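[1] Sequence plus the predicted model coming up.
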Amino acid sequence: MFFDIEDEIAFEEEVDELFTKTIEAKMEKMKQSKEQFKKNLRRFADTHQREINEDPAFRHSFLKMCKNVGVDPLSSSKSLLGKVGLMQFYNNLAIQIIRDCKSLSVKQGGIILLDDLRRLRNKDKSEKDSITEEDIETAINKIDDYFHSGYELLTINNQRYLRSVPKALSNDHSSILAHVEGKKKGWSLSELEKELQWTPSRIEHTINELLQDGYAWIEEKEEEFNYWFPSVILRTLH
C-alpha cells in the first residue's frame, strides 16, 4: 500500500500533534508533581521546625531537598526558610562573619580559614547549636548576593578559605599562598624565586601586590627582607 503526498503530510501532522500532546501531558504531570512535592516540603518544615533549626545535619539535608525541587531557600523573608526561622539565622550569621573578618584582618590578612571562623562562632555554643562550614558558606553566599561585597570562597591546598578583601587573586598570588601554606616562617624573595623557579621581577611584583592588599607582612632584616603570610601560616585560633 502506498501513500500519496497528501496522505504522507497528513500522517506526519498527526504524528507531530500526538508527540506534542504527549510532551505537554508529561510536562504538566511533572509540574503537578513538583508543586505537590513543594506542598509536602512545607508540611515537613512545619512538622520538623525544631530539628531544622537545632540540628546542623538535619538542616543541611532539608536545604538540599529544597534546592533539588527548585525552592530558593534564601529568596525572601516570606520563603519556606522564613517560616521556619532560618532566614533570621543566616542573616545573623552573615553579620557575625563580617564582624569576624574585620576583627581578624589585622592578624590574618585578607584570607581567613573557614575552620577558624567555624571555631570562633562555636566558641560558646553547645554541640547541638553548633555552626558548620556549610552554614558559613551559605551565609557568605547570602552576603555576596545582597551586598556584592566581593567576599569569595577559595580553596588552597585542599583547605577552604574566605577572601574578605575586594580584589580577586591572580594565579601568581594563589601559587605563592599555596606554596607557603602551613609553613610557619618568613620567606625571602630569593627563597621564593628559587623554589618557585620564577624570575626576580615576577616574584617582586606579586609580593608587592600581596603586601598592598594585606595578604603579606614585611619583616626588615639586615641581609634581606622576610615576608610573612599570616592568612595561611598562622592558626591563631587553635
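    Now that the structure is in, tell me what you want to look at.

[2] Report the backbone C-alpha coordinates of the helix or strand residue 59 falls within in CSV.
    Assessed by DSSP states H and E, residue 59 sits inside helix 56-68. Extracted C-alpha coordinates of helix 56-68, given in CSV (Å, rounded to 0.1, in the frame of the first residue of the first chain):
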residue,chain,number,x,y,z
PRO,A,56,23.0,21.0,61.7
ALA,A,57,22.9,17.7,59.8
PHE,A,58,19.1,17.8,59.6
ARG,A,59,19.2,21.4,58.5
HIS,A,60,21.6,20.7,55.6
SER,A,61,19.6,17.7,54.4
PHE,A,62,16.5,19.9,54.4
LEU,A,63,18.2,22.7,52.4
LYS,A,64,19.4,20.1,49.9
MET,A,65,15.8,18.9,49.4
CYS,A,66,14.7,22.5,48.9
LYS,A,67,17.3,23.0,46.1
ASN,A,68,16.5,19.7,44.5
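
[3] Could you pull out the buried residues of that helix?
    56, 59, 62-63, 65-66 (16 or more other C-beta atoms under 10 Å). From N, CA and C alone the C-beta is placed, and that goes for glycine too.

[4] For the chain, give me the ranges with low pLDDT.
    For the chain, the stretches with pLDDT under 70 are 1-32, 34, 72-85, 105-110, 127-128, 144-150, 165-168, 222, 231-238.

[5] Give me the spatial nearest neighbour of residue 130, chain neighbours excluded.
    Among residues not flanking residue 130 along the chain, residue 122 sits closest, at 4.9 Å (C-beta to C-beta, 6 or more residues apart in numbering).

[6] Burial check on that neighbour, number of neighbours?
    Neighbour count of residue 122, defined by other C-beta atoms under 10 Å: 14.

[7] Could you measure from residue 211 over to residue 103?
    21 Å (C-beta to C-beta, to the nearest Å).

[8] Hmm, I typed the wrong one, I wanted residue 88.
    Per C-beta to C-beta, residue 88 is found 23 Å from residue 103.

[9] what about the helices in this protein?
    5-47, 49-54, 56-68, 80-84, 86-108, 114-121, 133-147, 171-180, 189-196, 200-212, 230-233 (DSSP state H).

[10] rewinding a little: and residue 211 and residue 103? Which one has more around it.
    Neighbour count, other C-beta under 10 Å: between residue 211 and residue 103, residue 211 has more, with 14 against 11.

[11] wait, doesn't residue 177 sit right on residue 227?
    No: Residue 177 is beyond contact range of residue 227, at 11.5 Å (criterion: C-beta atoms under 8 Å).

[12] Identify the residues contacting residue 112.
    100-101, 104, 161-162, 164, 231 (C-beta atoms under 8 Å, 6 or more residues apart in numbering).
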